[in-house]
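In: prediction below, plus the sequence it came from.
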Amino acid sequence: MSDIDVSRILDWINEVIGPINFLYTSILAIVTMKLDRKSKALKLVCKINEKNKTTEDEHIFGENGVPIPVIVQNNSDSVFQKVFIIIVGDEREKHIKMGGRLLNSLSIPLQEGHFGYIENLLNREEILIPSHGHGMHRRLGVVAIYEDERGKEWARDSDGKLYRTKGIEDKLIKLGLPLPDYKSHVAYRH
């Protein structure tokens with residue numbers, strides 16, 4: 001093989017590998033960006049504070065609601081906005097499902113006011129949310145719906161599964177979210 005043939009083969013390899021390398025790098029960048037966005041969304045954590053029961057002074061919802069203390073923790077360096085925390089009861093196994101799937105498990109809790117709303121979540125808050133309370137064979141769960149710093153909407157069901165959503169505020173209103181009161185529907189715990 002002559003030097004000219006080797007040179008042509010190397011040029012051809014570079015012509016083929018260049019676009020393939022560009023395509024690979026582009027795909028990798030897109031996947032990394034999406035994973036980064038999802039990993040940031042996963043940094044909002046909600047859980048019922050089982051260890052810290054409410055006091056008599058905290059029974060602020062009257063006979064229509066047993067206060068459930070919920071810890072809402074932002075473990076990221078950005079702000080989460082429009083944070084809805086919804087207490088779901090026995091129907092928690094149905095999960096909240098987005099993207100053309102069902103939202104049924106949220107209709108009753110929204111209509112009964114079993115939710116809290118935080119406009120901007122910077123760090124950690126503990127809030128009280130009304131519910132029907134715990135009971136024998138009754139297991140409560142927490143659903144979180146929120147927006148990240150880029151305006152992307154997320155929903156985390158009561159088992160911790162994360163979903164991307166769109167237009168969720170309108171969907172919640174159709175399910176029974178009270179207007180305009182929902183924006184002031186939060187009781188912070190001190």
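Out: Structure received.

In: drop to CA atoms for contacts and neighbour counts, all remaining ones
Out: Fine.

In: okay, buried residues for the strand or helix carrying residue 169 please.
Out: According to DSSP states H and E, residue 169 maps onto helix 168-175. Across helix 168-175, burial judged by 16 or more other CA atoms under 10 Å covers 168, 169, 172, 173, 175.

In: which strands or helices does that helix pack on?
Out: helix 107-111 (3 or more CA pairs under 8 Å, 6 or more residues apart in numbering; DSSP states H and E).

In: residue closest to the middle of the protein?
Out: With distances taken as CA atoms, centre = their mean, residue 155 lies nearest the centre of the chain, 3.5 Å away.

In: A helix includes it, no?
Out: No. Going by DSSP: H, G, I helix; E, B strand; the rest coil, the assignment for residue 155 is strand, not a helix.

In: give me the distance between it and residue 65.
Out: 24 Å (CA to CA, to the nearest Å).

In: do the same with residue 189
Out: 16 Å.

In: of these two, who's got more company?
Out: Counted by other CA atoms under 10 Å, residue 189 and residue 65 do not tie: residue 65 has more neighbours, with 17 against 13.

In: OK, contacts around that one?
Out: 114, 130, 131, 132, 133 (CA atoms under 8 Å, 6 or more residues apart in numbering).
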